[in-house]
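Enquirer: Quick one: sequence and predicted model below, then my questions.
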Amino acid sequence: MLHESGEEVNKFILLLLGCAIQGNKKKAFIERITKLDGPLQKGIADHIQRITDTSSVVLSLTDSCSERHQDVVWHLEKVMKERDTLQQTLMHATTEQESDEGSSTTATSSVNGDAPPRRREVVYDQRRSPSPNSFDRHASVELAHAKAELRKLRNVAEEKDEEINILRDELEAKEAEVLRLQDERHGLIKDARAAKDLRDELDYVQPKLEKVEKLEAEVSKLKLQLSEIDYYKGRSEQLNEDNLELEDSIRLLESQMEQVKMNVKNHHDVETRLDESQNTVRELQAEIGEKNAKIENFLLEQSKLETQLSNMATKMTEYERLMAKGEKTPRDSIGSLADQMNESDRSEITKLRSENRRLKAQLEGKNDASKDDSILLQSSEVEELRKSVEEKEREIEEERKSLEREREKTDRASRQLKQLDKTVDSLSEELKESSKQIESLRTERDDAIRNLQEARRKFAQFQTEFGKKLEQETEFKIHEIDSELKEAKASQCENKCTALCIRFHPQRHTSLCTFKNWALIIEMLKIADSDFQRRQAACEEERKEIENQLERVREEQRKLRIYIDEMKEEKIQMELQAAQLERSKKTMENERNMLRERCDKLEDELEEARMRLLNTDDAARRLEERERVMVEQKNRLGDVEAENRTIMQQLELESKKTQRLREDLVTEKAKIAELVGRLRSLCAAVALNGGKIDEDIEDDMKAAQVVKSRQCLRLTSRKSIFHDLLNRKSSSRLSRQLPQGNSQPTITQIAFTGQP
């Protein structure tokens, strides 16, 4: 068993050596090894080569940590069991040694206690100096008595052996009870120390628990924030839907804007058409002006002709007066020619006036139709544009409100993102701190494992040294006890021989030498007894020290086991916490990245919405400008419509007047035709009567004179009427029909006033 346990301990030490050389601090271990002696270095090199060459010594790294700990614990339990068996064997050896020493001491004490009376009897007999027969008799009696005493002593020794066996059994039972009580005491001490350690750990773990509670509170806050993030996700989806709806509405508005642009283009086309029509109107007005100039020229000629007619009329009056007196001249036909010339001029004037009226009516009709159509179209377009602009303004306001809401939401989301970033940073810092704590705990665990390994190594060394010392001491004590027993037996034999010699040869020895010998023997026995007691006390002290050391080692081992288990549990918990924190960190990083992407998207959407708002603002400004232009155009159209109405009323009045004048002209033409016919009949009658008259001239002159004489009064009355009417309305009509800066007089003014 010792050999196997030594091999296991050697394997364990070899494994520790391999771990030390293959670890992070191998340079330090190699430097320490190089500082040792040559044979030690050689032995360590052989052991290292053994580790590297053979695979039976080296533990595989693929095995789990728990299996290695279990193997180490199993080896330690095996070593402890072997130690317990060795301790029991040592206890049995010590008890047997104590029993042998007790039996030897009892035998020596019995011999020493019985010898003095015999000595006294011998001395007494020597003093009496009996006869040889009595001496023999006395010797035989003493021999029988000694044999009886020996039998008694043997019986007593056997009884004492039985008592010793009983006491040994009782001692073993008491030792078992003592061991049980010691185990209980050790368990209680262990529990007390564990409670103390737990208290210390509680004091140590309490700030960690506070940190954990803080972390749990932060985790709960983060969970709430995660739930809020879900809410914000839904809200962002709703906002995305709202944005899509807004985009659709913006598209509709853009389509409506395009329609409005088309309408504006149509409006521009209408305006261009209006400009073209106005240009055509101006051209027509210029043509009318030219025609008016021609008419004025004709009127001038007419005025000249009228002056001539007036002269002719005066002449006709003179001729009539002469005719009335009975004077007949061949120039009576001059009136008919003047009448014909006047009639031709009047017919041309009426034709020109009718053409002028017809052209004016056509122009006014075209202008009215185009203006009415354009005004209706423009009014309908303006109303539609107003409605669309109002709708767009409402939509733009709604979009602005929604964009402001989205901005507020994005600001909130950005603030929450910043808070989440701060929490993530704090969690990362706490993770770093926890990782540092884990590393420190790992270093502490490694130090504890190293201390445990050193303690095990020291314990193994101590166990081997203690076993060797115990073996040497037990062998030495056994040799000493054997030598003492031999000396005691030799001394007893010598004493017996001396006693027999003294009994058989009383003459050779005196009482003085017997007393000296007994005193020396007693002193020697006392010295041996004191030495034995001292050695026994030293052995007891050594045994107690060894037991105390063993108890200390056991307690240290138990503490180390408890500490290792606790460190394992703490390691597992810290690894779980680290894994959870890493997972939470990863999830938070993913969520942070998602939120950043969403914020970027929202910012892009906000920028797009801002651009759209700017575009809509520009469109609104353009629409406002166009509305202003449309309002101005509408006002102008209203003014033009009012002017058009007044002109239409004036045209109606003038058309009525022209119709009446036409009727008057027709009647006058009919009358003139009748008069010309009469004049011609008169001229024919005169010619038949023998008068010589140029028919054309006389007829014309006569017709002119007759017409002039008869219609002079009518013309003067009509001229006065026309003059009054046209003086009233000529200023307003000319200011509206003719362009500004045209200060030429009208046809009617020239015709009826006689001033060009």
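Expert: Now that the structure is in, tell me what you want to look at.

Enquirer: From here on, just use CA atoms for contacts and neighbour counts.
Expert: Fine.

Enquirer: Could you point out the longest helix of the chain?
Expert: helix 132-324 (DSSP state H).

Enquirer: Show me what that helix packs onto, helices and strands only.
Expert: Here helix 132-324 touches helix 65-128, helix 334-504, helix 511-688, helix 695-737, helix 747-753, going by 3 or more C-alpha pairs under 8 Å, 6 or more residues apart in numbering; DSSP states H and E.

Enquirer: Mind doing that once more with 7 Å?
Expert: Secondary-structure packing of helix 132-324 (3 or more C-alpha pairs under 7 Å, 6 or more residues apart in numbering; DSSP states H and E): helix 334-504, helix 695-737, helix 747-753.

Enquirer: between the ones you listed, which gets the lowest average pLDDT?
Expert: In terms of average pLDDT, helix 747-753 trails the rest of these, at a mean of 36.

Enquirer: about what we covered before: could you tell me the angle between the longest helix of the chain and helix 511-688?
Expert: Our comparison of helix 132-324 with helix 511-688, counting by axes from the mean of the first three to the mean of the last three C-alpha atoms, to 10 degrees, yields an angle of 10 degrees.

Enquirer: Check which residues of stretch 167-177 are buried.
Expert: 168, 172 (16 or more other C-alpha atoms under 10 Å).

Enquirer: cool, stretch 607-620 as well?
Expert: Result for stretch 607-620 [16+ other C-alpha under 10 Å]: buried residues 609, 612, 613, 616, 619, 620.

Enquirer: Stretch 73-88 too?
Expert: Neighbour-count burial for stretch 73-88 [16+ other C-alpha under 10 Å]: 75, 76, 79, 82, 83.

Enquirer: send the alpha carbons of that stretch over as CSV?
Expert: Extracted in CSV, the C-alpha atoms of stretch 73-88 (Å, rounded to 0.1, in the frame of the first residue of the first chain):
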residue,chain,number,x,y,z
VAL,A,73,-10.3,13.9,-5.0
TRP,A,74,-10.3,10.1,-5.4
HIS,A,75,-6.5,9.9,-5.1
LEU,A,76,-6.6,12.1,-2.1
GLU,A,77,-9.3,9.9,-0.5
LYS,A,78,-7.2,6.9,-1.3
VAL,A,79,-4.1,8.5,0.3
MET,A,80,-6.2,9.4,3.4
LYS,A,81,-7.5,5.9,3.7
GLU,A,82,-3.9,4.6,3.5
ARG,A,83,-2.9,7.1,6.1
ASP,A,84,-5.7,6.0,8.4
THR,A,85,-4.7,2.3,8.0
LEU,A,86,-1.1,3.2,8.9
GLN,A,87,-2.3,5.2,11.8
GLN,A,88,-4.3,2.3,13.1
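
Enquirer: pLDDT (mean, whole number) over it?
Expert: 81.

Enquirer: how close does residue 544 sit to residue 167?
Expert: To residue 167, residue 544 is 21 Å away according to C-alpha to C-alpha, to the nearest Å.

Enquirer: repeat for residue 276
Expert: 148 Å.

Enquirer: and if you look at residue 200?
Expert: 46 Å.

Enquirer: Same question for residue 307.
Expert: Residue 307 is 191 Å from residue 167, by C-alpha to C-alpha.

Enquirer: cool, residue 13 as well?
Expert: Residue 13 sits 43 Å away from residue 167, going by C-alpha to C-alpha.

Enquirer: and if you look at residue 662?
Expert: Going from residue 662 to residue 167 by C-alpha to C-alpha gives 177 Å.

Enquirer: now do residue 198
Expert: As defined by C-alpha to C-alpha, residue 198 lies at a distance of 44 Å from residue 167.

Enquirer: for residue 634, same thing?
Expert: Taking C-alpha to C-alpha, one finds residue 634 at 139 Å from residue 167.

Enquirer: for residue 291, same thing?
Expert: Counting by C-alpha to C-alpha - residue 291 and residue 167 are separated by 170 Å.

Enquirer: Ok, residue 555 next?
Expert: 31 Å.

Enquirer: How about residue 238?
Expert: For residue 238, the distance to residue 167 - C-alpha to C-alpha - is 95 Å.

Enquirer: what number of residues lie near residue 671?
Expert: 13 (other C-alpha atoms under 10 Å).

Enquirer: which ones are touching it?
Expert: Listed by C-alpha atoms under 7 Å, 6 or more residues apart in numbering, residue 671 has no contact partners.

Enquirer: Flag every buried residue along stretch 185-193.
Expert: 186, 190.

Enquirer: C-alpha coordinates for that stretch, CSV please?
Expert: Provided in CSV are the C-alpha atoms of stretch 185-193 (Å, rounded to 0.1, in the frame of the first residue of the first chain):
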residue,chain,number,x,y,z
ARG,A,185,-15.8,17.9,16.9
HIS,A,186,-14.0,18.3,13.6
GLY,A,187,-17.4,18.4,11.9
LEU,A,188,-18.6,21.0,14.4
ILE,A,189,-15.3,22.9,13.9
LYS,A,190,-15.8,22.5,10.2
ASP,A,191,-19.4,23.8,10.5
ALA,A,192,-18.2,26.7,12.6
ARG,A,193,-15.4,27.5,10.3
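
Enquirer: which residues touch that stretch?
Expert: With C-alpha under 7 Å, 6+ apart, stretch 185-193 has no contacts at all.

Enquirer: what's the average pLDDT for it?
Expert: Per-residue scores along stretch 185-193 average to 81.

Enquirer: Renumber starting at 5 from here on
Expert: All set: I'll call the first residue 5, so the last point we hit is now stretch 189-197.

Enquirer: How much space separates residue 211 from residue 219?
Expert: In this view, residue 211 and residue 219 are 12 Å apart by C-alpha to C-alpha.
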